[in-house]
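Engineer: Prediction below, plus the sequence it came from.
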Amino acid sequence: MKDGWYDEEYFALAESQEEAVQLTAEYGISATLPGYFFIGLIGWDDFILSDASGNYFRVPTVPLTNEYLKPYQFPVEKIRMEEDPKFTGKAKWYSTPLIFGGSPTDEKNMTWVSFSQHAQLVCWWNAKYQKLKQNNA
């Protein structure tokens, strides 16, 4: 993934269609939101997804559900991101995601992980969310 700042937001974007397909699977998007494909991360907390028609959407990484899927105006032209060595190759992660009561302002709730670890955490917490949702239905 290529990551950096663009227009005051931090992006991490797939660099090829092959990488997008791989990340769609790694993040569990194909299982959770069939028909949507990984484009990237924005602000570390949200996915940018695309559907087969080329429409773009923004959705939280956790919970990854249709309920929170919103249309997103993604700049189709190649965006020029400003690299930031402090963040390159890393994703911010809330140890307890916000949907589970974690605080976005508590520094003890925030850590930095690799993109591979981020994908694993996203899958684990989304599975937990789905299980809790089913148990409460």
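Structural biologist: Okay, I see it. Numbers count the residues shown, from 1 in each chain.

Engineer: quick one: low-confidence parts of the chain?
Structural biologist: For the chain, applying pLDDT under 70 flags the ranges 76.

Engineer: quick one, helices of this protein?
Structural biologist: 17-26, 29-32, 115-135 (DSSP state H).

Engineer: Which residues are in contact with P63?
Structural biologist: Listed by CB atoms under 8 Å, 6 or more residues apart in numbering, the contact set of P63 reads I99, N126, Y129, Q130. For glycine as for every other residue, the C-beta is placed from the backbone atoms N, C-alpha and C.

Engineer: before we move on, back to that, buried deepest among the helices of the chain, which one?
Structural biologist: helix 29-32 (a mean of 18; mean count of other CB atoms under 10 Å).

Engineer: For the residue sitting nearest the centre point of the chain, give the beta-bridge partners.
Structural biologist: The chain has F47 as the residue nearest its centroid, 3.3 Å off, counting by CA atoms, centre = their mean. Taking DSSP bridges as the rule, F47 bridges to L41, V59.

Engineer: In contact with it, which residues are there?
Structural biologist: Counted by CB under 8 Å, 6+ apart, F47 has contacts Y27, I29, F38, I39, G40, L41, R58, V59, P60, T61, L64.

Engineer: which phi and psi does Y27 have?
Structural biologist: Dihedral angles phi and psi of Y27 (degrees, to the nearest 10) take the values phi -80, psi 0.

Engineer: ok, it touching F38?
Structural biologist: Yes - assessed by CB atoms under 8 Å, Y27 is found in contact with F38 at 6.1 Å.

Engineer: Any idea what F37 is bridged to?
Structural biologist: Here F37 sits in beta bridges with S50, as judged by DSSP bridges.
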